[in-house]
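J.: give me a model of this one.
(chains A and B)
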Amino acid sequence: MSVCLASSPRSLPLLIALALIVLVISITTAIGFGSVAIPVNTVWGVALNHILPDTVEVAWSAGRDNIVWEIRFPRVLLGALVGAALATVGTVLQAATRNPLADPHLLGVSSGAALGAVVAMMHVGLIFGLATLPLFAFVGALLATGLVLGISRERGYILPDRLVISGVAVSFVCMALANLLIFLGDHRAAHSVIFWMLGGLGLAQWDQLWYPALTLASGLAFLLLQGRQINALMSGEETALTLGINTTRLRLSLFVVCALLTGVMVAFSGTIGFVGLMIPHVLRLLVGGDNRYLLPLSALTGAIFLVWVDVVARKIMAPEDLPIGIVTGLMGGIAFIWISRIRIRRTQ
Amino acid sequence: MGRIVVDRLNWAPQGRKKLLEDICLTAEPGSFTGIVGPNGSGKSSLLRCIYRVNRPHSGIVTLQGRDLWKMNIRESAQSIAVVLQESSTDFNLDVRQVLDMGRTPHKRLFERDSRQDRKIVEDVLDRLSLRELARRPFAALSGGEKQRVLLARALVQSPSVLILDEPTNHLDIRHQLELLNLIQQLDITVIATIHDLNIAAHYCDRIYLMNQGRIQAQGTAEEVLRPQPLAEVFQVQTHVDKHPESNKPRLSFHIPKPTTALKGK
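T.: Presented below is the predicted three-dimensional model:
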């Protein structure tokens, strides 16, 4: 049923190193793709010269430099950050809710974040400066998570099977409200907001990139250190308690961190669905379910995955830039059907 | 070794009538305490009060004289390990990873496995002859193997008290005896709910017979597993003799025939 590639502690650093190399290659290759194709060595040269000035002899035009450094680099890096965050959140939510279909999009967390961001964009304005959007998205994500969990609880227990249904329901309500706010708001602004909601990395800029970067770094660090606790939680409420875990507090902290990660990513890239569903599933088949291995590898694989999906989104209807959320939605919907079919077959 | 005392404990599920009434139970260090009784008599609920899922409404549970419910949950989990009936994981963990989990209560939040943790896991793998299964996915094991792995995880916890909820459910007779022999050889306090009264008679130092949320009888197998209390609790007639080898009580049961029952009255 499964090939355990990484279940011994020794192979984990190796796999992480491997994934990091693939990620760096993916990022620099992906930057080469676009309306103007740019060779990989130029990409490396531009990057090196911007990090350490005058290390490489300049053999490219200022225009190319601008395309690589100012436009494509932030975009591809944002893609990697968002992919890493969403895949990690998916892994954690699946373990914490004991439902392999959990995903920030399916559980309504992304829609809550989108609603929060729309409130900020259409009706509040940037009252806290650049932090307004991520902040509102975080609050929206948190409220949606709380609502979904509240609906799925009975006598203190979260019912895993009710979770996805309430997630989808909350998601519909949030999207309806977001659409209403867009409809009631300024119609000229509506156009750009709708495009943002479809999910895209085109708005990435260097001076905003540190928001998602810092959020990912701190959120990921927090989650990576709890692999053991998350394993116990995954084995059930009573088992976790008998292993000495304060399940209520652990679950709460995990949900808050997941809402934070999702909220901030949604604020900068719109709703990109299903990354958190697909990546952990594929990885669990390859490296097994131990979250101490799964979490770091999910983050790296998610980053690689989204970098390449963005390449597809840029190339498939070039020179039009297809919103990336459409591509992940198509792939993820099919993956969802596949996973549900496997689950149904297993339970029969 | 741990001494567990339950004193005048009462418990009811949220907003419903009392399921445990005035329970007193003592598990001496190193002894094997069995809890028997019909379905729904409160056996599992009582265990849950000891392993800290059901908070008692009144009364007290102590470990070595300390109120268990006033301890930090991580601290109590360092002394009390539990083998539960549930064993569902859709999540593709292998046997070794399940065992690793047993070290959780001994680790601080951000602490990693030490050489000693790994040694404990290795020892238990050998002791329960699980070495060959170490890399197999837990979900792919047979019922008996799963139960042995869950016992192994509990032992990795290095507890002084082991609690088992119907440990022999769904096991064939060979696996039942293997598991219980293993448990009996452990040098720790054991509290287990057991359905099969002959098994309870064979393994338990002390037996508590429960009925409708109360302790109906307690004592050694010879004292508790007698026809009269069993007839009251289970509505069966019991014939008791001695096992030729172990000299423990051996029980056989039948449902009283209506005519003889009438005659009895």
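J.: pretty sure A:T42 sits against A:G63.
T.: No: counting by C-beta atoms under 8 Å, A:G63 is not a contact partner of A:T42; they are 11.9 Å apart. All C-beta spots, glycine's among them, are computed from the backbone N, C-alpha and C.
J.: between the two, who's got more neighbours?
T.: Neighbours were counted for A:T42 and for A:G63 using other C-beta atoms under 10 Å in any protein chain shown; A:T42 has more, 20 against 9.
J.: how about the more buried one, what does it touch?
T.: By C-beta atoms under 8 Å, 6 or more residues apart in numbering or on different chains, A:T42 lies in contact with A:G32, A:A59, A:W60, A:R64, A:V68.
J.: please enumerate the helices of the stretch 51-200 of chain A.
T.: In the stretch 51-200 of chain A, the helices defined using DSSP state H, counting those that start in this stretch lie at A:62-66, A:73-97, A:109-118, A:132-152, A:160-184, A:187-197.
J.: looking at the stretch 101-250 of chain A, which residue is nearest chain B?
T.: Per C-beta to the nearest C-beta, A:G244 is where the stretch 101-250 of chain A lies closest to chain B, at 2.9 Å.
J.: now do the SS call for that residue.
T.: Following DSSP: H, G, I helix; E, B strand; the rest coil, A:G244 is assigned to coil.
J.: and A:T271, by the same measure?
T.: A:T271 - assigned by three-state DSSP - is coil.
J.: so what's it scoring on pLDDT?
T.: Turning to A:T271, the model gives it a pLDDT of 88.
J.: one more: the one 4 residues further on?
T.: Looking at A:V275, its pLDDT stands at 91.
J.: picking up where we left off before, for the helices of the stretch 51-200 of chain A, which one ends up most surrounded?
T.: Mean neighbours per residue, mean count of other C-beta atoms under 10 Å in any protein chain shown, is largest over the helices of the stretch 51-200 of chain A for helix A:109-118, with a mean of 31.
J.: what helices and strands are in contact with that helix?
T.: Here helix A:109-118 is seen to pack against helix A:132-152, helix A:160-184, helix A:187-197, helix A:247-269 when contacts are counted using 3 or more C-beta pairs under 8 Å, 6 or more residues apart in numbering or on different chains; DSSP states H and E.
J.: rebuild these as CSV, extending it with distance to chain B.
T.: Formatted as CSV, the helices and strands packed on helix A:109-118 follow (distance: least, C-beta to the nearest C-beta, whole Å):
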stretch, distance to chain B
helix A:132-152, 17
helix A:160-184, 10
helix A:187-197, 33
helix A:247-269, 9
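J.: by mean pLDDT, show me the worst of those.
T.: Looking at the helices and strands packed on helix A:109-118, the weakest mean confidence is helix A:187-197, a mean of 82.
J.: quick check: phi and psi at the residue of the stretch 101-250 of chain A closest to chain B.
T.: In terms of degrees, to the nearest 10, the main-chain angles of A:G244 are phi 80, psi 20.
J.: list the contacts for the closest residue to A:A102 other than its chain neighbours?
T.: Computed as C-beta to C-beta, 6 or more residues apart in numbering or on different chains, the closest residue to A:A102 that is not its neighbour in sequence is A:L93, at 4.0 Å. The contact partners of A:L93, by C-beta under 8 Å, 6+ apart, come to A:A102, A:D103, A:P104, A:L107, A:V109, A:C258, A:G276.
J.: and B:G15, by the same measure?
T.: B:G15 touches nothing, counting by C-beta under 8 Å, 6+ apart.
J.: tell me the phi and psi of it?
T.: Dihedral angles (degrees, to the nearest 10) for B:G15: phi 70, psi 20.
J.: now do it, the pLDDT please.
T.: pLDDT, B:G15: 80.
J.: distance of it from A:S235?
T.: B:G15 sits 29 Å away from A:S235, going by C-beta to C-beta, to the nearest Å.
J.: how many neighbours does the residue lying closest to B:H106 once chain neighbours are set aside have?
T.: In space, and not counting its chain neighbours, B:H106 is closest to B:Q78: 6.1 Å by C-beta to C-beta, 6+ apart. For B:Q78, the count of nearby residues is 17 (other C-beta under 10 Å).
J.: which residues touch B:Q78?
T.: Neighbouring residues of B:Q78 by C-beta under 8 Å, 6+ apart: A:G244, B:P105, B:H106, B:Q157, B:S158, B:P159.
J.: secondary structure, pLDDT and neighbour count added to those, as JSON lines?
T.: Converted to JSON lines, those look like this (DSSP: H, G, I helix; E, B strand; the rest coil; pLDDT from 0 to 100; neighbours: other C-beta atoms under 10 Å in any protein chain shown):
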{"residue": "A:G244", "secondary structure": "coil", "pLDDT": "93", "neighbour count": "24"}
{"residue": "B:P105", "secondary structure": "helix", "pLDDT": "94", "neighbour count": "24"}
{"residue": "B:H106", "secondary structure": "helix", "pLDDT": "93", "neighbour count": "19"}
{"residue": "B:Q157", "secondary structure": "coil", "pLDDT": "95", "neighbour count": "26"}
{"residue": "B:S158", "secondary structure": "coil", "pLDDT": "94", "neighbour count": "16"}
{"residue": "B:P159", "secondary structure": "coil", "pLDDT": "95", "neighbour count": "23"}
